[in-house]
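>>> Provided below are the primary sequence and the corresponding predicted coordinates.
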Amino acid sequence: LKPFWLTPPSPRGFVAAEAMARCSPKALLLGSAALLFACLAGSAITFVPFGRTVTKPLPSSGSVAAQASAERTTLSQGTPSAAFAAAAVAAVLACRAAARVASSGRGSSRVQMMAVKGLRDVQDIIDKFQGSRVAGPRLFYPGERAYKKNGPGKYDLPEPARQKLAHVSESEAIAEFKPSDFYSAPMAKLESGDVKKVNTLKFTHTSGEVKVPADLPEYKHPRAGTWMEKESGAKRPPTEDAEYEKHVEAKCSLESTVAKLGASSKDFVADRSALLVLVDFLSESLTQTLTMRGNANLDVDLVKVTKSSSGQLMLERLFDAKNTWAEFRPYRGGWKRKEVSNRGSFTPAWTRLATGDLDSKSMMCTGIVQIAGSRAGGLSDSYYQFSEYDLGGVSLLTRARIGATT
């Protein structure tokens, strides 16, 4: 449709407004109704191309010229058709306004603005018609495979593992330390030449035999692409007080092993792992680990400090990072269940492979031959190396676990 002017040749007619070229179906319907209304009023309609100035003299002396929104209309007063003409003009102007609104709506551009309603916006409606919203049981976790939403519900996650002997209140604490207390402390420097090797030790877990010095196995570089068996995941420590104390005592064997080396005049006798966990505490990396595992607000024993019969302070590590995830959430993915280890390690199989034992093998359920782990036996021995050095004005004797020698 092209824009046009409507003008009647008789005094009973009217001059209509400009029709829009783009209009919605609703606007077109209103405009058609206005034109039909004008025809019923008895007027003859003449179409004049847009752009021409049309002036029609009306014989009635009471005629006036009315102009609306840049659209020039001429109405005749004193006749019945004047009221109808005014109504038609108003209808056409309304059609044009509706067409402009329609042309600027969502369909006029590829860019749209939308508002998203969330649960909090309609929670009052849900409470009104359906009652309070109760969350159902969790059916799956993100990343799981081979499980459907309509399957059985998951079990509740267990509480964090116990990692303390007893709760120590602030009034009972002998001293309190924070990582920020050591920000301005002077740095200690240790050179490799200052470390002196003392001796090696072999400890057999099955019989409790200790041998000094130890016959260390020789390291052999393994061939690339060798499959190794993965062990089952770590187990949680016991939760009962008596059993947990036995668990801690079984881990602390530093005094009995150092006694095999003879008398020592050092200020501290420490496990290397105990010193490392203290360094992690001072660097605040341990805080991030505990926070990610949900243990930031729990009591956690890091190091056990005891005094030996000779007056030395002994530092033994109690904190195990594996206790933060042991038996927490088992694997329920799509792989073979009999091969699932739940975050186990390759340490036994790697020890066997790195020491040249290639005869102890096992087979996976898929038929792949691999180096066997602890189930093949023969890995009940632990090897330690003792070193001494001076650091920061104190003398230390440290015990470090080793696997082989080069």
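Happy to help now that I have it.

>>> Could you check how far the closest residue to residue 306 other than its chain neighbours is from residue 402?
Leaving out its chain neighbours, the residue that sits closest to residue 306 by Cβ to Cβ, 6 or more residues apart in numbering is residue 314, at 5.0 Å. Quick note: C-beta positions are derived from backbone N, CA and C, even for glycine. According to Cβ to Cβ, to the nearest Å, residue 314 and residue 402 sit 20 Å apart.

>>> neighbour count winner among these two?
residue 314 (21 against 14; other Cβ atoms under 10 Å).

>>> what does the model give that one for pLDDT?
Per-residue confidence at residue 314 stands at 93 (pLDDT).

>>> mind listing what it touches?
By Cβ atoms under 8 Å, 6 or more residues apart in numbering, the residues touching residue 314 are 254, 255, 258, 268, 269, 270, 305, 306, 307, 308.

>>> how does it look with 6 Å?
Applying Cβ atoms under 6 Å, 6 or more residues apart in numbering to residue 314 gives the contacts 254, 269, 306, 308.

>>> now swap in residue 396 and tell me
Contacts of residue 396 (Cβ under 6 Å, 6+ apart): 266, 268.

>>> and it, that's in a strand?
Yes: with DSSP: H, G, I helix; E, B strand; the rest coil as the criterion, residue 396 is part of a strand.

>>> If it is in a bridge, with which residues?
Beta-bridge partners recorded for residue 396 (DSSP bridges): residue 268, residue 389.

>>> how close does it sit to residue 323?
27 Å.

>>> do residue 231 as well
Applying Cβ to Cβ, the value for residue 231 to residue 323 is 16 Å.

>>> And residue 305, by the same measure?
Counting by Cβ to Cβ - residue 305 and residue 323 are separated by 20 Å.

>>> isn't residue 199 right next to residue 388, touching?
No: applying Cβ atoms under 6 Å as the test, residue 199 and residue 388 come out as separate, 10.1 Å apart.

>>> These two: which has the busier surroundings?
residue 388 (17 against 14).

>>> so what's that one scoring on pLDDT?
pLDDT, read off for residue 388, is 93.

>>> of residue 305 and residue 323, who's got more company?
Taking other Cβ under 10 Å, residue 305 and residue 323 do not tie; residue 323 has more neighbours (21 against 12).

>>> my guess is the more buried one is in a helix, correct?
Yes: under three-state DSSP, residue 323 sits within a helix.

>>> quick one: it and residue 158 touch, right?
No: assessed by Cβ under 6 Å, residue 323 is found out of contact with residue 158, at 11.9 Å.

>>> can you give me the helices for this protein?
25-40, 80-103, 119-130, 241-251, 254-259, 272-282, 285-292, 347-354 (DSSP state H).

>>> Near the closest residue to residue 235 other than its chain neighbours, how many other residues are there?
Counting by Cβ to Cβ, 6+ apart, the nearest residue to residue 235 once its immediate chain neighbours are dropped is residue 326, at 6.1 Å. Per other Cβ under 10 Å, the neighbour tally for residue 326 reads 17.

>>> mind checking how far the residue nearest to residue 306 is from residue 191?
In terms of Cβ to Cβ, residue 314 sits 25 Å off from residue 191.

>>> got it, and residue 185?
Taking Cβ to Cβ, one finds residue 185 at 20 Å from residue 191.

>>> before we move on, what about residue 340?
46 Å.

>>> more crowded one of the two?
residue 340 (16 against 7).

>>> Quick check: that one touching residue 331?
Yes: judged on Cβ under 6 Å, residue 340 makes contact with residue 331 at a distance of 4.7 Å.

>>> so which of the contacts of residue 314 comes closest to residue 175?
residue 306 (16.2 Å; Cβ to Cβ).

>>> How many residues are close by that closest one?
Residues near residue 306, counting by other Cβ under 10 Å: 13.

>>> now do residue 259
14.

>>> can you check residue 193 too?
7.

>>> Could you do residue 200 as well?
Residues near residue 200, counting by other Cβ under 10 Å: 18.

>>> Numbering from 663 from now on, please.
Taking 663 as the first residue, the last one we looked at is residue 862.

>>> Chain neighbours aside, what residue packs nearest to it?
residue 876 (4.3 Å).

>>> quick one: the one you found and residue 1044 touch, right?
No: using Cβ under 6 Å, residue 876 is not in contact with residue 1044; the gap is 9.5 Å.

>>> okay, those two: which has more neighbours?
residue 876 (19 against 16).

>>> Contact partners for that one?
Applying Cβ under 6 Å, 6+ apart, the residues contacting residue 876 are 862, 863, 864, 1045.

>>> per-residue confidence at the second one?
As predicted, residue 863 sits at a pLDDT of 91.

>>> give me the number of residues near it?
Around residue 863 sit 20 other residues, with neighbours defined as other Cβ under 10 Å.

>>> Residues in a beta bridge with it, which ones?
Bridge pairing for residue 863 - DSSP bridges - gives residue 1046.

>>> still on that earlier bit, what separation is there between the residue nearest to residue 968 and residue 964?
14 Å.
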